[in-house]
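Trainee: Just a sequence and a predicted model for now, questions to come.
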Amino acid sequence: MNKNPKVSICVPVYNSEKYLGMFLDSALNQNFNSDDYEVILADNCSSDNSYTILKEYERLFPGRVFAYKTDEHGGPGKGRNLAFQKSRGEFIYWCDSDDFIHADALSLLYAEAEEYNADLVCGSGMEVIEEDGEIVRVSPILTKRHITASNELAILSGVQFWLRLIHRSLIEKVGAMPEDIIFDDVRYLTVLQSYAKVIRFLDFPVYYWFKRGSSTTSTIRKEMCEDSVEADKYILENSNQEYIDAVQHYVAVRNEFNLRERWQYFDVFVNWIHAQAAWFYDNDSVLDDRKTFDVLRWADSLSDIHFPNIVYVDGFAAAPGEERLAELREKVFHDGCEIVVLSPESCDLNENDYVKRAYERGDMALVTGYFALKNIYENGGVFIHNNIRILNYFSYLKYQNAFFSLIDKTTYSEWIYGAPAGNEAIEAILKTYSDAWDKKGEYMSLSERISIILTAKYGIPLDGKARLWGKIVSVLSADLSVADTRFGNATKKCAFEHNFSTCAGEPDYITLPRTSLRVLLTPPLAGKSARERALEKELADMKQTNTYKLMIKIRAIGDGPYGPFLKKIFYWMLRVRKKLLRK
């Protein structure tokens, strides 16, 4: 290839040996003149055989495939920058190394750019959910109308590198993308799209994005959420200020998503929204997006209403061990906590005769409940029994005015509850610990006290339903508190679950593995929703397309030891077939 190509496919690679063959075969089998594009691969110091595979493809396709290695490992931006530096194409098409490019992607994207003199062309795509090597669901990404788009529309359309063909001059104008961070795509493409001159949207699925749960952003981590906030700050500062309203709207949409999907670090985003509140109240674009605006306004109102990072534990029945205390310190709040052990040494048993008599009777559950409620009312915090398993950070729970948990339709848990200081529901329950309230001396359980107060005083029916974000009281339903049932990729705000193993052998309790629970909770085929049936039909239809069949064929060819040789023959046969079809 002597002349500069029209398109350079630029690909950062890191530990992708399992999928590289499929991706590269899709990149090399484009219905686009082979002399008009090149494939530039930048290995980011992989620890597997990725670089060896890249060099083999470079050997098999000289002048078309070029493999390089970064000087040290870094974020995806490092590989993308190196690939761009080594590229020669008029247009750049950044892809990921574990996906699949539609055979017509380059021809359609480039034709659109050429016809309209566009410096940015954005196509549609397909999200492919793969589990255990099997494709289980396919759904569209960013379905668009075939139009010339505004910068505002482009900014709000998202930041998928692999849907966009970008003119080299636009990339050179914006400069190198940030490296060694997580949200390089948010930082770079938002700024880039704010400076584009002519933008075209193409209503065609140019790319198949495979979601396998192994990407950089698949696991919610604190550094990821903090970097998301830093990415927001970056684009607000560096984007073309002519389109700042659209950039602000995009930031607002991202944070509405973050509150919902990255709830483990809910407080990180609430604090950021509160710091930025001034502009979204004055941005017409945000105000017109009522769903997003209402969520952000609500989140802003929560900033000063939350309980502190204090965990109360039972020391009356038995002192918790150091291992449990360390677990609570590490897992309840992402930024640490104070732990208060409730015991005869830390609590004044003489302050309440009713409670003192319960202590003398050996009713440690009642005594613990009283002092936990008293401390929460005075100082705020959360009581966590030793039988509570911590699954996720309590970031969104700490913004409830007070929360209690159901373990079935009508029974409140005595093992976990929390509130900010001075909560009136906590105060009302505290008042039940007296002879005046319990005239018959029944010493009822905390569960019964919670039920009476929440039903009689606050009108919360015993119907088993979740009632989050109440003005005074929130209720977590059993599916949010008893057991984590987030089978597959479903999202459920389950921060903890109850461990009933100490109740084993009692008539009302059984013990079963989580796999059995999954079977019991999974609906039969006839019970699938209309959307699930529609997606299954879409997947079945896709499997009949030539693109899918080609993908499967290429994957099969690459499985054996002679894969590269057979692929070369396969490409030759395809070229011959195309020539015959033209005649």
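Mentor: Perfect, I can see it now.

Trainee: show me where the stretch 151-300 of the chain has strands.
Mentor: 164-167, 199-211 (DSSP state E, counting those that start in this stretch).

Trainee: Other residues contacting the shortest one?
Mentor: In this case it means strand 164-167. For strand 164-167, contacts defined as CB atoms under 8 Å, 6 or more residues apart in numbering pick out 7, 90-94, 106, 109-110, 112-113, 118-123, 189, 192. From N, CA and C alone the C-beta is placed, and that goes for glycine too.

Trainee: Equivalent analysis for stretch 318-333, please.
Mentor: Outside stretch 318-333, the residues that reach it (CB under 8 Å, 6+ apart) are 309, 311, 313-314, 336-337, 339, 341, 343, 382, 384, 386, 390, 393-395, 398.

Trainee: mind listing the helices for the stretch 301-450 of the chain?
Mentor: 322-331, 353-360, 364-379, 424-430, 446-456 (DSSP state H, counting those that start in this stretch).

Trainee: now swap in the stretch 151-300 of the chain and tell me
Mentor: For the stretch 151-300 of the chain, the helices defined by DSSP H, counting those that start in this stretch occupy 151-156, 168-174, 184-195, 222-238, 244-261, 266-275, 277-280, 284-288, 290-302.

Trainee: now the longest one and helix 266-275, what's the angle there?
Mentor: So that's helix 244-261. Calculated by axes from the mean of the first three to the mean of the last three CA atoms, to 10 degrees, helix 244-261 forms an angle of 150 degrees with helix 266-275.

Trainee: in helix 244-261, what's buried?
Mentor: Of all the residues in helix 244-261, those buried under the rule 16 or more other CB atoms under 10 Å are 244-256, 258-259.

Trainee: now stretch 18-29
Mentor: Within stretch 18-29, the residues scored as buried using 16+ other CB under 10 Å are Tyr19, Leu20, Gly21, Met22, Phe23, Leu24, Asp25, Ser26, Ala27, Leu28, Asn29.

Trainee: Break this protein down into its structural domains.
Mentor: Domain segmentation of the chain under automatic domain parsing yields 7-218, 224-302, 310-511.

Trainee: Tell me which of these approaches Thr522 most closely.
Mentor: Nearest of the domains of the chain to Thr522, taken as CB to CB: domain 310-511 at 7.3 Å.

Trainee: can you redo the helices of the stretch 301-450 of the chain as CSV with distance to Phe204 and mean pLDDT?
Mentor: Shown next, in CSV, are the helices of the stretch 301-450 of the chain (distance: least, CB to CB, whole Å; pLDDT from 0 to 100):
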stretch, distance to Phe204, mean pLDDT
helix 322-331, 46, 97
helix 353-360, 71, 96
helix 364-379, 57, 98
helix 424-430, 56, 97
helix 446-456, 55, 97
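
Trainee: which residues in the stretch 351-500 of the chain form strands?
Mentor: Using DSSP E, counting those that start in this stretch, strands in the stretch 351-500 of the chain cover 381-384, 388-390, 403-406, 412-419, 474-476, 496-498.

Trainee: okay if I get those as JSON lines plus mean neighbour count, mean pLDDT and distance to Thr515?
Mentor: Listed next are these as JSON lines, based on neighbours: other CB atoms under 10 Å; pLDDT from 0 to 100; distance: least, CB to CB, whole Å:
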{"stretch": "strand 381-384", "mean neighbour count": "26", "mean pLDDT": "98", "distance to Thr515": "27"}
{"stretch": "strand 388-390", "mean neighbour count": "17", "mean pLDDT": "96", "distance to Thr515": "17"}
{"stretch": "strand 403-406", "mean neighbour count": "27", "mean pLDDT": "97", "distance to Thr515": "25"}
{"stretch": "strand 412-419", "mean neighbour count": "24", "mean pLDDT": "98", "distance to Thr515": "25"}
{"stretch": "strand 474-476", "mean neighbour count": "24", "mean pLDDT": "97", "distance to Thr515": "24"}
{"stretch": "strand 496-498", "mean neighbour count": "20", "mean pLDDT": "95", "distance to Thr515": "16"}
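
Trainee: Dump the ones you listed into a markdown table; add distance to Ser46 as well.
Mentor: Converted to a markdown table, the strands of the stretch 351-500 of the chain look like this (distance: least, CB to CB, whole Å):
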| stretch | distance to Ser46 |
| --- | --- |
| strand 381-384 | 42 |
| strand 388-390 | 35 |
| strand 403-406 | 45 |
| strand 412-419 | 44 |
| strand 474-476 | 44 |
| strand 496-498 | 38 |
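
Trainee: so where's this structure shaky on pLDDT?
Mentor: By pLDDT under 70, the low-scoring segments of the chain are 1-2, 213-218, 488-491, 523-583.

Trainee: try 90 this time
Mentor: 1-3, 72-76, 128-145, 179-180, 211-220, 278, 303-305, 318-319, 484-493, 501-583 (pLDDT under 90).

Trainee: Check the gap between the residue nearest to Ser434 when sequence neighbours are not counted and Met444 for me.
Mentor: Using CB to CB, 6 or more residues apart in numbering and skipping residues adjacent in sequence, the residue nearest Ser434 is Tyr354, 5.3 Å away. Separation of Tyr354 from Met444 (CB to CB, to the nearest Å) stands at 12 Å.

Trainee: residues touching the residue nearest to Ser434, list them.
Mentor: For Tyr354, the contact set (CB under 8 Å, 6+ apart) comprises Tyr433, Ser434, Asp435, Asp438.

Trainee: Can you report how many residues lie near Tyr359?
Mentor: 18 (other CB atoms under 10 Å).

Trainee: Go ahead and confirm it touches Gly369.
Mentor: No - if you go by CB atoms under 8 Å, Tyr359 and Gly369 don't touch, sitting 11.9 Å apart.

Trainee: re earlier: out of the buried residues of helix 244-261, which two sit at the greatest distance?
Mentor: Within these, two members stand farthest from each other by CB to CB: Ile244 and Leu259, at 22.5 Å.

Trainee: Is Glu112 in contact with Ala118, as I believe?
Mentor: Yes - using CB under 8 Å, Glu112 makes contact with Ala118 at a distance of 6.6 Å.

Trainee: Now do the shared contacts for the two.
Mentor: Arg200.

Trainee: So these two - more neighbours on which side?
Mentor: The residue with more neighbours, out of Glu112 and Ala118, is Ala118; 25 against 19, by other CB under 10 Å.

Trainee: Tell me who's in contact with that one.
Mentor: Glu112, Thr148, His167, Val198, Ile199, Arg200 are the contacts of Ala118 under CB under 8 Å, 6+ apart.

Trainee: Can you tell me how far the fifth one is from Tyr116?
Mentor: It stands for Ile199. Computed as CB to CB, the Ile199 to Tyr116 distance reads 9 Å.

Trainee: what does the third one give?
Mentor: According to CB to CB, His167 stands 12 Å off from Tyr116.

Trainee: and these two? which has more neighbours close in?
Mentor: His167 (21 against 13).

Trainee: How many residues are close by His146?
Mentor: Using other CB under 10 Å, His146 is surrounded by 11 other residues.

Trainee: Next: Asp353.
Mentor: The local packing of Asp353 (other CB under 10 Å) involves 11 other residues.

Trainee: repeat for Lys409
Mentor: Counted with other CB under 10 Å, the neighbours of Lys409 add up to 11.

Trainee: Quick check: it touching Leu462?
Mentor: Yes - at 6.7 Å, Lys409 counts as touching Leu462 under the criterion of CB under 8 Å.

Trainee: picking up where we left off before, nearest to Ile510 among the contacts of Ala118?
Mentor: Closest to Ile510 out of the contacts of Ala118 is Ile199 (59.4 Å), distances taken as CB to CB.

Trainee: From His167, how far off is that closest one?
Mentor: Taking CB to CB as the measure, Ile199 falls 11 Å from His167.

Trainee: do the same with Ile244
Mentor: Between Ile244 and His167 the computed distance is 23 Å (CB to CB).

Trainee: next one: Ile388
Mentor: Distance, Ile388 to His167, using CB to CB: 56 Å.

Trainee: next one: Glu131
Mentor: Distance from Glu131 to His167, by CB to CB: 38 Å.

Trainee: again with Phe91
Mentor: 6 Å.

Trainee: Find the residues that touch each one of the two.
Mentor: Contacts common to Phe91 and His167, judged by CB under 8 Å, 6+ apart, are Ala113.

Trainee: Understood, closing this out.
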